[in-house]
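*Asks:* Just need the structure, nothing else, for what follows:
(one chain, ligands or ions: 1)
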Amino acid sequence: MVSNILHTVLLAASLLPLAHAAPADTCKYKGALVNWQLFKTCNHVCNLYTPTTVAEAQAIVRNSLALGRGVKAVGARHSYTDNLCKENADFIDMTKLHNIISINKDEGWAYFEAGTTFGALEIALKKEGMTYGFAAPAWPLITVGGALANSAHGSGWTTGGPITVPAATLAVDIINPQGELETITDGDKLAAIKTNLGLLGVVVRIKYAVHPSRKMRYSLEVVSDKDAIADGLLSIVEKQAGTIGWYIPSFQTIALAKMSHADDYSGPLASGSAITNTMQTFRRNVLSKAIACKLALCPSPISNSSVVPVVGLEEDVIGGVSAVYGDILSVMGKFGIVLPIGVGDDEYALPISRHQEAIAAVKATFKEYHDIDISIKGVSAALPFVEIRFAPAEDTAYLALNTDSDPAVWGQGTVWIEVWFLTSEANENQIGKFRNALQARLLALGARPHWGKTREVTFQGGVRDRYNGNFAKFEAVRHAMDSKNTFMNEFATRAGIQ
Ligand SMILES: Cc1cc2nc3c(=O)[nH]c(=O)nc-3n(C[C@H](O)[C@H](O)[C@H](O)COP(=O)(O)OP(=O)(O)OC[C@H]3O[C@@H](n4cnc5c(N)ncnc54)[C@H](O)[C@@H]3O)c2cc1C
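*Replies:* So this is what the prediction gives:
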C-alpha cells in the first residue's frame, strides 16, 4: 500500500513538469504491441505504462492530454482485431489495477478495479459463496474492463441472470477524456460505456452483478446438422441454464454443451470460471477430434462420453499464467518477435427464430468452400469451425450484439453464430472470399454483425444500419465525452463510428 502511494507520487512528480512543458516527443517504448495469441497487433506504441493505482492512471492520462497525444487502455490483450490499437498513442496496461474493493452479498454486487481478471474475481467471490455465473466469457484470464469494452458474453438463454458482461455491469468509474474521474451509474453514458471499445476513456472501477453459487450439472448432446436444420435446437437448449454449441462441418454434427442448475447434484459448485473451463474443455475435445480427423486419423465422432465437469481455476494458476504471459508479451513486443499465424473470427446475431436457416446458411457456405483449410508445414488444420451461442435480447447497451431494437423480432432471444479461422498472409484471400460469402447469406437472413469484431469484409456490409439507430446514440455520447478524439482509433473509423 505504502509502496503504491509512493509509486504514484513519484510517477505524478515525474510527469508534472511535462504537463507544463511544451509538447515534446517523449515516446520511449516505440515498439509494437503483441497480443495474447502472440502475434503482433499494433505498431508505433508511444509509451506503455502499467499503473498500479487509479491516481497513477489519471496522472498518465493528464500527461498525455497535456502533450496532445492519444490514449489507449489495454487489458489482457486477448483481442485479435486491431481495435486494440491506436497509432502513436500512450498505452495504459490495466492488468496491475486489480484490487477487489468490496463484495455485497445481500445486494448482489461486487466492486473492483477494471484490470481484475474474471478468474481473480471468481476466487474472491468463491470465499463469499458467490459467483458471476453465466456472464462468463470464454477465458478466465481476460480483464473485466476489456470484456466490458468489447461487449463480451457467455451463453445462456432461458434462465434469468445476466448472460453478457454489459448486462452484468451496474456502474463504472472512468477517467474521462478530460482526465477527470467520473462515476457513471445510469443514462445514455452507461448505455454507451457498456460497449465502449475503449473509445470513451479508461474504465478504472466496475460495479458488477453477482449471485450465489449453485450446483450445476453438465452434459453434452450431439445432433447432426441435418436434424438441427430440420427440427431446430430449441428442444435441446430449452430450460438449460446455459448451452453452447460447436459445429464442425466436416463432422456434420453439432455438439451442444449444456449446463443446468441441479441443487441435488453431488458434483462441485458451479462458478463462473468452472463454466468457462467446462466450455473450454468441450471446445478442445471437439477441436482436437476435428483436427485429428482431418489428418486421416479420424477417431469416433464426438460423443456424450466427452463430458468432463471441470472446477474453476485456482489463484496460483491464474496469477502464474498472467505473469508469464505478461513477460512474454513485453519481450516479444520490444524485439518484434511474432508468430506468422493468428486466429480470427466473425460473429453475427440473429433472432432465435432464424437459427435453423442460419445453420443451413453456414452449411451451404462450408460446402462451397470445402477446401478452406490452411496448411502449416504440411499439416492441415480443420478450420474454420463455428460456435453457436444463445442469449436473451437486452437493451441496456447501445452496441451490444443482442440489443433489443425491435422486440417483435428480437424479443424471443438471439442466436449468435461465431465463425473461427486461422489467419496467415497465405490464406488471406481464400478466407476473405469465404467470409464474404457467409456474410452475404447471413445478412440476407437479417443478421447483425458484431461491430467490434469484424473487419473490412463486414464493414462493407453496412454494420451501422443493422443497429437500428443505436450507432447514432453511441456517437452522440462519444462526441459529448471526447470531442478531441483522444480515445478514438483507426479501427473504429473503419467500422463507421463517427
Ligand atoms: C469485439 C470482440 C468481442 C469479443 N467478444 C467475446 C465474447 O463475447 N466472449 C468471449 O469469450 N470472448 C470475446 N472476445 C475475445 C476476448 O474475450 C475479448 O476481446 C475480451 O474483451 C478481452 O479482454 P482483455 O482484457 O484481453 O482486453 P483487451 O483485448 O486488452 O482490450 C479489449 C478492448 O478493450 C479496451 N479496454 C481494455 N481495458 C479497458 C479499460 N479498462 N477501459 C477502457 N477500455 C479498455 C481496449 O482498448 C480494447 O479496445 C471478443 C473479442 C473481440 C475483439
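*Asks:* so after the helix or strand containing Lys215, what's the next helix or strand?
*Replies:* Lys215 is part of strand 214-224 when elements are defined by DSSP states H and E. In the C-terminal direction, the helix or strand that comes right after strand 214-224 (DSSP H and E) is helix 225-231.
*Asks:* Is Ser102 in a helix, a strand, or coil?
*Replies:* Assigned with DSSP: H, G, I helix; E, B strand; the rest coil, Ser102 falls in the strand class.
*Asks:* ok, now which ones touch the nearest residue to it once chain neighbours are set aside?
*Replies:* Computed as Cβ to Cβ, 6 or more residues apart in numbering, the closest residue to Ser102 that is not its neighbour in sequence is Tyr111, at 5.0 Å. Yep, even glycine has a C-beta here, placed from its N, CA and C like the rest. Counting by Cβ atoms under 8 Å, 6 or more residues apart in numbering, Tyr111 makes contact with 100-104, 205-208.
*Asks:* Show the subsequent helix or strand relative to the helix or strand harbouring Tyr208.
*Replies:* Applying DSSP H and E as the criterion places Tyr208 in strand 202-209. Next helix or strand after strand 202-209 toward the C-terminus (DSSP H and E): strand 211-212.
*Asks:* quick one on the thing from earlier: most surrounded residue in the contacts of Tyr111?
*Replies:* Counting neighbours by other Cβ atoms under 10 Å, Ile206 leads the contacts of Tyr111 with 28 neighbours.
*Asks:* Check the gap between that residue and Ala472 for me.
*Replies:* According to Cβ to Cβ, to the nearest Å, Ile206 stands 26 Å off from Ala472.
*Asks:* now Leu200
*Replies:* 16 Å.
*Asks:* near the ligand, which residues of the stretch 301-450 of the chain?
*Replies:* Residues of the stretch 301-450 of the chain lying near the ligand by Cβ under 6 Å from any ligand atom: His450.
*Asks:* in the stretch 351-498 of the chain, what residue is nearest the ligand?
*Replies:* Closest residue of the stretch 351-498 of the chain to the ligand, Cβ to the nearest ligand atom: Gly452 (3.2 Å).
*Asks:* show me what contacts that residue?
*Replies:* 81, 83, 150-151, 195, 197, 399, 495.
*Asks:* ditto for Asn489
*Replies:* 70, 72, 83, 85-87, 89, 198-199.
*Asks:* and the residues you listed near the ligand, which?
*Replies:* Within those, those near the ligand by Cβ under 6 Å from any ligand atom are 72, 83, 198.
*Asks:* If we ignore the residues flanking it in sequence, what's nearest the second one?
*Replies:* Pointing back at Asn83 there. Nearest to Asn83 is Phe491, by Cβ to Cβ, 6+ apart, at 4.4 Å.
*Asks:* list the buried ones in the host helix or strand of that neighbour?
*Replies:* According to DSSP H and E, Phe491 maps onto helix 490-494. Buried residues in helix 490-494, defined by neighbour count with 16 or more other Cβ atoms under 10 Å: 491-492.
*Asks:* What is the end-to-end distance of stretch 46-61?
*Replies:* 13 Å (Cα to Cα, to the nearest Å).
*Asks:* do it and the ligand meet at all?
*Replies:* No: figure legend: stretch 46-61 not in contact with the ligand (Cβ under 6 Å from any ligand atom); closest approach 8.8 Å.
*Asks:* any idea of the mean pLDDT in that stretch?
*Replies:* Stretch 46-61 carries an average pLDDT of 95.
*Asks:* in it, what's buried?
*Replies:* Those would be 46-61, for stretch 46-61 by 16+ other Cβ under 10 Å.
*Asks:* Which residue ranges of the stretch 351-498 of the chain form helices?
*Replies:* Along the stretch 351-498 of the chain, the segments classed as helices by DSSP state H, counting those that start in this stretch run 355-368, 407-410, 428-444, 456-459, 470-481, 490-494.
*Asks:* Next, format these as JSON lines and append mean pLDDT.
*Replies:* Output for these, formatted as JSON lines (pLDDT from 0 to 100):
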{"stretch": "helix 355-368", "mean pLDDT": "93"}
{"stretch": "helix 407-410", "mean pLDDT": "80"}
{"stretch": "helix 428-444", "mean pLDDT": "83"}
{"stretch": "helix 456-459", "mean pLDDT": "56"}
{"stretch": "helix 470-481", "mean pLDDT": "95"}
{"stretch": "helix 490-494", "mean pLDDT": "87"}
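*Asks:* highest average neighbour count across those helices?
*Replies:* Per-stretch averages of neighbours, counted by mean count of other Cβ atoms under 10 Å, single out helix 355-368 among the helices of the stretch 351-498 of the chain, with a mean of 20.
*Asks:* if we can go back for a sec, where does the residue nearest to Ser102 land in three-state SS?
*Replies:* Tyr111 ends up strand, using three-state DSSP.
*Asks:* That one pairs with what?
*Replies:* According to DSSP bridges, the partner residues bridging Tyr111 are Ser102, Lys207.
*Asks:* What backbone torsions are found at Ser483?
*Replies:* For Ser483, the backbone dihedrals (degrees, to the nearest 10) come out as phi -70, psi -20.
*Asks:* Run a quick neighbour tally on it.
*Replies:* 10.
*Asks:* Same check on the one 5 residues further on?
*Replies:* Using other Cβ under 10 Å, Met488 is surrounded by 20 other residues.
*Asks:* How many residues are close by the residue nearest to it when sequence neighbours are not counted?
*Replies:* Closest residue to Met488 apart from its sequence neighbours, by Cβ to Cβ, 6+ apart: Leu199 at 5.9 Å. Close neighbours of Leu199, defined as other Cβ under 10 Å, add up to 28.
*Asks:* likewise Asp186?
*Replies:* 10.
*Asks:* before we move on, which element is the closest residue to it other than its chain neighbours in?
*Replies:* What sits nearest to Asp186 in space, not counting adjacent residues and going by Cβ to Cβ, 6+ apart, is Ala171, at 7.9 Å. Using DSSP H and E, Ala171 sits in strand 169-175.
*Asks:* Now do the helices in the stretch 51-200 of the chain.
*Replies:* Using DSSP H, counting those that start in this stretch, helices in the stretch 51-200 of the chain cover 54-66, 118-126, 144-149, 165-168, 187-193.
*Asks:* Is stretch 115-134 positioned near the ligand?
*Replies:* No: judged by Cβ under 6 Å from any ligand atom, stretch 115-134 stays clear of the ligand, getting no closer than 6.6 Å.
*Asks:* Thanks again, I'm all set now.
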